[in-house]
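Participant: predicted model, plus sequence, below.
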Amino acid sequence: MNHDLIYQLEQHLCEDVLQLLHAGTEIASEQGQSLYLVGGVVRDLLLGRANFDLDLVVEGDAIKLASLLGQREGGEVVVHPRFGTAKFRRGGLAFDLATARAETYSRPGVLPAVHPGSIEDDLRRRDFTINAMAINLSGDSFGKLIDPYGGESDLKLKLIRILHQRSFIDDATRILRALRYEMRLGFQLEAGTEELLRRDVAMLHTMTGERIRHELELILAEERPEKILHRAEELGVLKEIYPTLSGDSWIMEKFEQARLGSYPSLRAIYFSLLASRFSPQEGEAFIERLKIPGAIARIIRDTLSLKAGLRILETPKLPHSAIYRLLHGYSSQAIVAGALASDSALIRQNLELYLNKLRYVKPSLNGRALQQMGLSPGPRLGEILHALEEARLDQKVKSKDQEEELVRRWLSE
Ligand code: CTP
């Protein structure tokens, strides 16, 4: 029994969760099974870091255990019989329950074949020593750490270490995961692991676009993704994902600036910056390789199409209506990224003027008001509305009265 661990469990897990874990353990022992906390939460408990992503493993039947727990304790249970997993939810708390399993990899890149196994089997299939630990929650063994690969020692040494020589071949997502943990925790790849990572970096080709994109999104959700990208470039990882994808000093600088802006859709802006030095053809190939879905794909396309027209914004004293016409219709994230990426102060200024002001400019008069002034519906009315918008943007009119006066003048001409 590890008293430190019991202390950490009690410190970091709230009353409700602890009570549920005890209830789960009781049910498991009635079934002659043992229940464990595994993976990231164990790592983070040992590090004294908060982690609300609770993963439980039972040597037995996770679905049955979750259902019984739901019945006895109240709570919503969603089961996935194909994977032998269940999600338990009650109020604001949730955890995942899985049946301990062993895995065999038939060939790189495809999901492994799984069959029920012991907790040791379950830990053997995991990515890194620091993620391959479990805490026994059952009866007298409550609080006992199961650490077959020296994860606790690697936490002290601050090392990311794979469990066996074929790890990156079996699952190339581990290449990206390793770099994510390295930066997040301030750890280092263990020397042998780094050597194998460099050796197996081409295995990234075996990953589907969706899986690579998912991993890239997880990287972009980290606090300082540019550091991970920089490291990925240094290790030859990025060019395996996409040949011209870069994590160079330009990206480092632009990502930092992007964060200073506290934009609501930072991830989209990161994607836009990553693609902003691509040609349109490269942009399309990048979207295709990573199977980037609609909204972000549009922002990438906007970024590249906008880039081609940005020089116009360097014209001195450009009327506001011309800035508006050039930028109207582009996604705001692409415009933000265009401003971050541009090295011209005038272009940046005009993009910011559009984002902060021009895009919100509307004439006071609308179609109905124009009809009340005597115009009939039709193309002429549309033209006048358009001309009014330009006059407003260029500050030729500044009030409703001035707009009416202008319209009357046009009508009398
Ligand atoms: N895991 C693995 N190999 C993978 C993905 C996951 O071995 N390719 C295992 C690890 O033991 C990991 C656990 O599954 O700890 C849960 O995965 P995930 O939720 O992705 O990671 P966490 O460690 O919980 O990390 P995070 O803090 O990023 O959620």
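Facilitator: Looks like it came in fine.
Participant: identify the residues contacting the strand or helix carrying residue 229?
Facilitator: Per DSSP states H and E, residue 229 falls inside helix 225-234. Contact with helix 225-234 is made by 176, 179-180, 182-183, 219, 222, 238-239, 246-248, 251-252, 255-256, 270, as judged by Cβ atoms under 8 Å, 6 or more residues apart in numbering. Where C-beta positions appear, they are placed from N, C-alpha and C, glycine not excepted.
Participant: what's the local residue count around the residue of the stretch 251-400 of the chain found nearest the ligand?
Facilitator: Using Cβ to the nearest ligand atom, the single residue of the stretch 251-400 of the chain nearest to the ligand is residue 267, 15.9 Å away. Look at residue 267: counted by other Cβ atoms under 10 Å, it has 16 neighbours.
Participant: show me what contacts it?
Facilitator: Per Cβ under 8 Å, 6+ apart, neighbours of residue 267: 217, 220, 221, 296.
Participant: hmm, try it at 7 Å
Facilitator: Taking Cβ atoms under 7 Å, 6 or more residues apart in numbering as the criterion, residue 267 is in contact with 217, 220.
Participant: count of residues packed around the closest residue to the ligand within the chain?
Facilitator: Closest residue of the chain to the ligand, Cβ to the nearest ligand atom: residue 40 (2.4 Å). Residues lying near residue 40 (other Cβ under 10 Å) number 16.
Participant: and it, how far from residue 134?
Facilitator: Going from residue 40 to residue 134 by Cβ to Cβ, to the nearest Å gives 12 Å.
Participant: circling back to that earlier point, could you flag which of the contacts of helix 225-234 are buried?
Facilitator: Among the contacts of helix 225-234, those classed as buried by 16 or more other Cβ atoms under 10 Å are 176, 179, 180, 182, 183, 219, 238, 246, 247, 251, 255, 270.
Participant: can you say which helix or strand has the spatially most central residue of the chain in it?
Facilitator: What sits nearest the mean C-alpha location of the chain, by Cα atoms, centre = their mean, is residue 217, with 3.4 Å. Using DSSP H and E, residue 217 falls within helix 209-220.
Participant: same question, residue 165
Facilitator: With DSSP H and E as criterion, residue 165 is part of no helix or strand.
Participant: so which bits of the stretch 1-150 of the chain are right by the ligand?
Facilitator: 39, 40, 53, 55, 126, 127, 131 (Cβ under 6 Å from any ligand atom).
Participant: excluding chain neighbours, what is closest to the first one?
Facilitator: So that's residue 39. Closest residue to residue 39 apart from its sequence neighbours, by Cβ to Cβ, 6 or more residues apart in numbering: residue 55 at 4.7 Å.
Participant: pLDDT at the closest residue in space to residue 154 that isn't next to it in sequence, what is it?
Facilitator: Nearest non-adjacent residue to residue 154, counting by Cβ to Cβ, 6+ apart: residue 129, 4.6 Å away. Looking at residue 129, its pLDDT stands at 98.
Participant: quick check: residue 129 touching residue 147?
Facilitator: No. Applying Cβ atoms under 7 Å, one finds residue 129 not in contact with residue 147, separated by 8.3 Å.
Participant: enumerate the beta-bridge partners assigned to residue 101.
Facilitator: residue 116 (DSSP bridges).
Participant: distance of it from residue 122?
Facilitator: Counting by Cβ to Cβ, the gap from residue 101 to residue 122 is 6 Å.
Participant: look at the two and report which has more neighbours.
Facilitator: Between residue 101 and residue 122, residue 122 has the larger neighbour count (other Cβ under 10 Å), namely 26 against 21.
Participant: and the closest residue to the more buried one other than its chain neighbours, how many neighbours does it have?
Facilitator: Spatial nearest neighbour of residue 122, excluding adjacent residues (Cβ to Cβ, 6+ apart): residue 100 at 4.2 Å. Neighbour count of residue 100, defined by other Cβ under 10 Å: 24.
Participant: tell me the contacts of residue 100?
Facilitator: By Cβ under 7 Å, 6+ apart, the neighbours of residue 100 are 57, 58, 59, 116, 117, 118, 119, 121, 122.
Participant: tell me the SS of residue 292?
Facilitator: Classification of residue 292 using DSSP: H, G, I helix; E, B strand; the rest coil returns coil.
Participant: right, I mislabeled it, should have said residue 97
Facilitator: Under three-state DSSP, residue 97 comes out as strand.
Participant: contacts only, for the nearest residue to it once chain neighbours are set aside.
Facilitator: Nearest residue to residue 97, sequence neighbours excluded (Cβ to Cβ, 6+ apart): residue 62, at 4.3 Å. With contact set as Cβ under 7 Å, 6+ apart, residue 62 has these partners: 84, 85, 86, 97, 98, 99.
Participant: show the buried residues in these.
Facilitator: 84, 85, 86, 97, 98, 99.
Participant: ok, those residues vs residue 325, which is closest?
Facilitator: Taking Cβ to Cβ as the measure, residue 325 sits nearest to residue 85 out of these, at 53.5 Å.
Participant: residue contacts, the closest residue to that closest one other than its chain neighbours?
Facilitator: Nearest residue to residue 85 in three dimensions, chain neighbours excluded: residue 98, at 4.6 Å (Cβ to Cβ, 6+ apart). By Cβ under 7 Å, 6+ apart, the contact list for residue 98 reads 57, 62, 84, 85.
Participant: can we see that at 10 Å?
Facilitator: Residue 98 makes contact with 36, 38-39, 55-58, 62-63, 66, 80, 83-86, 122 under the criterion Cβ atoms under 10 Å, 6 or more residues apart in numbering.
Participant: nearest to residue 29, of these?
Facilitator: Scanning the contacts of residue 98 for proximity to residue 29, where the rule is Cβ to Cβ, the winner is residue 58, at 10.6 Å.
Participant: so how far is residue 85 from the closest one?
Facilitator: Residue 58 is 10 Å from residue 85, by Cβ to Cβ.
Participant: tell me, how many residues neighbour residue 307?
Facilitator: 21.
Participant: wait, it sits on residue 339?
Facilitator: No. Residue 307 is beyond contact range of residue 339, at 11.6 Å (criterion: Cβ atoms under 10 Å).
Participant: before I go, just wanted to say thanks for your time.
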